[in-house]
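Student: My questions concern the predicted model and sequence given below.
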Amino acid sequence: MGILDGWKFCPRCAGRLLPGEGRVTCEACGFVRYANPVPGAQALLEENGRVLLGRRGIEPSAGLWDIPGGFIHETEHPVDALRREFREETGLDVEPVDFLGSWMQAYDEATVLCLTWTARRLGGAARAEDDLVELGWFGPDELPPADELAFDTFVDILSVWRARKEHP
Ligand SMILES: [Zn+2]
């Protein structure tokens, strides 16, 4: 599965696209589109030793526990995207504390480059909004099982977080 699978015609001039290594090129107008990952920003908000997760209200993975965050706008700094998405989904103003790492997550036909931080609350009252229908706080030994997590990389992300709690 790749983001350019099934692309046959140029979105600019409707000319025929030629497939290449990780890209498509339009013979007619020279348009080139690369098969890059889609960048996203997300964070594990910590409070009193617990982490905030949100239950998704929409597909993909409706009903499963998500890490708050979302896609980065075209010219937006990742940290600004993190703050914006967190406020939209949880009602909370947050700031990143530590950069945990980057994970590659399959999402529909795309692959999301998930930039992941820990975060702390600056203000606001927690309330599920936007893509989320419920918020929950989880200690290191209370995390949802893998089959209740929205995306498979969350198993690793949460185990990294738990290891930091146990061996700071
Ligand atoms: Zn074209």
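Tutor: All right, it came through fine.

Student: Secondary structure element for Ala81, which one?
Tutor: When elements are assigned from DSSP states H and E, Ala81 belongs to helix 78-90.

Student: For that helix, buried residues please.
Tutor: Buried residues in helix 78-90, counted by 16 or more other C-beta atoms under 10 Å: 78-79, 81-87, 89-90. Quick note: C-beta positions are derived from backbone N, CA and C, even for glycine.

Student: Tell me the confidence at Ala62?
Tutor: Looking at Ala62, its pLDDT reads 96.

Student: That should have said Gly2, apologies.
Tutor: Gly2 is given a pLDDT of 88.

Student: what's around it, how many residues?
Tutor: Number of residues near Gly2 (other C-beta atoms under 10 Å) recorded here: 11.

Student: hang on, isn't it packed against Tyr34?
Tutor: No - in this structure Gly2 lies outside contact range of Tyr34 using C-beta atoms under 8 Å: 11.1 Å.

Student: between the buried residues of helix 78-90, which is closest to Phe138?
Tutor: Thr90 (14.3 Å; C-beta to C-beta).

Student: where's Pro68 relative to Leu92, distance?
Tutor: Plainly put, Pro68 is 8 Å away from Leu92 if you go by C-beta to C-beta, to the nearest Å.

Student: Actually, Arg55.
Tutor: Counting by C-beta to C-beta, the gap from Arg55 to Leu92 is 16 Å.

Student: Now do the strands in the chain.
Tutor: 17-20, 23-26, 32-34, 38-47, 50-56, 65-66, 69-71, 92-107, 110-124, 132-138 (DSSP state E).

Student: what angle do the longest one and strand 132-138 make?
Tutor: For the pair strand 92-107 and strand 132-138, the angle between their directions (axes from the mean of the first three to the mean of the last three C-alpha atoms, to 10 degrees) equals 100 degrees.

Student: Show me what strand 92-107 is packed up against.
Tutor: Strand 92-107 sits against strand 38-47, helix 78-90, strand 110-124, helix 153-166, with contacts defined as 3 or more C-beta pairs under 8 Å, 6 or more residues apart in numbering; DSSP states H and E.

Student: circling back to that earlier point, elements contacting the helix holding Ala81?
Tutor: strand 38-47, strand 50-56, strand 69-71, strand 92-107, strand 110-124, strand 132-138.

Student: I'm done for today, thanks for sticking with me.
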